[in-house]
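Undergrad: Predicted model, plus sequence, below.
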Amino acid sequence: MSNPIHVVCPHCDAVNRLPAERLVEGGHCGQCHRPLFDGRPIALNQARFDRHTARSDLPLVVDFWASWCGPCQMMAPAFEAAAGQLEPRARLAKVNTEEEQGLAMRFGIRSIPTIAIFAGGQERARQAGAMDTNGIVRWVTSQL
Ligand SMILES: [Zn+2]
């Protein structure tokens, strides 16, 4: 018997409670019935960011990016591939710093891409600069 883990649905943002041992199986959202993990980063605005950091027990790995940033474009496929490897241990998300300037300011994002890990409502680590898939997976795993 283990404590239930709270997982925020990547599609409808409903908070799901599931036993920790069922996390590896993934499972479906009790509200929208879509998969809780589908190997893709989710796009977050400010409201969704706050919900996914405050209500989820999973670490949130955020790629702060912008459309004009070449290295960000190059890293996007690597970050997506990393999501497939890191789920369900972590939730991967993207924040467009042009559209979500409030979030970029709140966390003092000065260069992009920057990847930051949030857990327990707090930022735990950040790393600036583009990484390949293995680099992302290795760095995030070392921080969990
Ligand atoms: Zn849902």
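TA: All right, it came through fine.

Undergrad: Let's check: the centremost residue of the chain is which one?
TA: Leu92 (2.5 Å; Cα atoms, centre = their mean).

Undergrad: Just grab the bridge partners of that one for me.
TA: Val61 (DSSP bridges).

Undergrad: roughly how far apart are it and Val7?
TA: With distances taken as Cβ to Cβ, to the nearest Å, Leu92 is found 14 Å from Val7. From N, CA and C alone the C-beta is placed, and that goes for glycine too.

Undergrad: all helices for this protein, in order.
TA: Secondary structure of the chain, counting by DSSP state H: helices at 46-54, 70-86, 101-106, 133-143.

Undergrad: Pick the most deeply packed of those helices.
TA: Comparing the helices of the chain by mean neighbour count (mean count of other Cβ atoms under 10 Å), helix 70-86 ranks first with a mean of 18.

Undergrad: how about that helix as CSV, C-alpha atoms only?
TA: Taking Å, rounded to 0.1, in the frame of the first residue of the first chain, the C-alpha atoms of helix 70-86 are listed here in CSV:
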residue,chain,number,x,y,z
GLY,A,70,17.3,29.1,-33.4
PRO,A,71,18.7,26.8,-30.6
CYS,A,72,15.2,26.5,-29.2
GLN,A,73,13.9,25.2,-32.5
MET,A,74,16.8,22.8,-32.7
MET,A,75,16.2,21.5,-29.2
ALA,A,76,12.4,21.0,-29.6
PRO,A,77,12.6,17.5,-31.1
ALA,A,78,15.1,16.4,-28.4
PHE,A,79,12.9,17.7,-25.7
GLU,A,80,9.9,15.9,-27.1
ALA,A,81,11.9,12.7,-27.3
ALA,A,82,13.0,13.2,-23.7
ALA,A,83,9.4,13.4,-22.7
GLY,A,84,8.9,9.8,-23.9
GLN,A,85,11.8,8.6,-21.8
LEU,A,86,11.1,10.7,-18.6
